[in-house]
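K.L.:
Everything below, folded, please.
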Amino acid sequence: MRTAGETTNWALRPGRTADVESVAELRAEVMRDDLERLGRYDEHRVRQRLRDGFSPAHTSVVEVDGAFAGSVTLRPYEDGEGLWLEHFYLAPGTQGRGLGTAVLRGLLDRADAAGVPVRLVVLQGSAARRLYEREGFTAESEDPVDVLMVREARASGPREAGPRAVRAPRPPAAGR
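P.N.:
Numbers count the residues shown, from 1 in each chain. Below you'll find the predicted structure:
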């Protein structure tokens, strides 16, 4: 059993075509509550949209202690200069421990080094929006379902992303 002070090691590995189903299932799991709240959840469509747009060449798989824990895609804009951040999903058991922040900061450091902005779309009301705002994203446009956010490259260069470790979950309190 881990104590509250221990850390969990994580790494990014290149995406592979074989990852598509694991990522599609994770997407369905982590987006379900927000999509249901917005009246947009469709069990088949949530998975198929990921399958249709999956790009192993631009996808990284997040592994925690060597096991699949999430994914993120960072691809070039189709028109213009910059990067799109999409399909950023973390398994529920890994959320809330700094892993999302650490992964995102590493990706943003790459964009800063290239001097390009990063755009993404987040669902209205999603808790992920707070993470993006903390890391410098601002709303560019909104509709009833989606918020398009942008973060311009920082001229000061990459920041220290910290060690590749995040907090381990706390064990349950006695008597619960």
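
K.L.:
Could I get the full set of helices for this structure?
P.N.:
20-37, 43-53, 99-114, 128-134 (DSSP state H).

K.L.:
Show me which residues of the first one are buried.
P.N.:
If I follow you right, that is helix 20-37. 20, 23-24, 26-28, 30-31, 34-35 (16 or more other C-beta atoms under 10 Å). Any C-beta I mention is one placed from the backbone N, CA and C, and that applies to glycine too.

K.L.:
Show me the two of these that sit farthest apart.
P.N.:
For the buried residues of helix 20-37, the farthest-apart pair by C-beta to C-beta is 20 and 34; their separation is 21.6 Å.

K.L.:
Quick check: bridge partners of residue 72?
P.N.:
Residue 72 has these beta-bridge partners by DSSP bridges: residue 60.

K.L.:
one step back: got the buried residues of helix 20-37 as JSON lines, with pLDDT columns?
P.N.:
Formatted as JSON lines, the buried residues of helix 20-37 follow (pLDDT from 0 to 100):
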{"residue": "20", "pLDDT": "98"}
{"residue": "23", "pLDDT": "98"}
{"residue": "24", "pLDDT": "97"}
{"residue": "26", "pLDDT": "97"}
{"residue": "27", "pLDDT": "96"}
{"residue": "28", "pLDDT": "96"}
{"residue": "30", "pLDDT": "94"}
{"residue": "31", "pLDDT": "92"}
{"residue": "34", "pLDDT": "88"}
{"residue": "35", "pLDDT": "90"}
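
K.L.:
picking up where we left off before, switch the helices of the chain over to a markdown table; also include distance to residue 60.
P.N.:
Output for those, formatted as a markdown table (distance: least, C-beta to C-beta, whole Å):
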| stretch | distance to residue 60 |
| --- | --- |
| helix 20-37 | 11 |
| helix 43-53 | 15 |
| helix 99-114 | 8 |
| helix 128-134 | 17 |
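
K.L.:
closest to residue 89 out of those?
P.N.:
helix 20-37 (4.8 Å).

K.L.:
Quick one: list the elements packing against the closest one.
P.N.:
helix 43-53, strand 67-76, strand 83-90, strand 118-123 (3 or more C-beta pairs under 8 Å, 6 or more residues apart in numbering; DSSP states H and E).

K.L.:
what about 10 Å?
P.N.:
helix 43-53, strand 59-64, strand 67-76, strand 83-90, strand 118-123, helix 128-134 (3 or more C-beta pairs under 10 Å, 6 or more residues apart in numbering; DSSP states H and E).

K.L.:
pLDDT below threshold where in this structure?
P.N.:
1-8, 156-176 (pLDDT under 70).

K.L.:
hmm, try it at 80
P.N.:
1-8, 80, 156-176 (pLDDT under 80).
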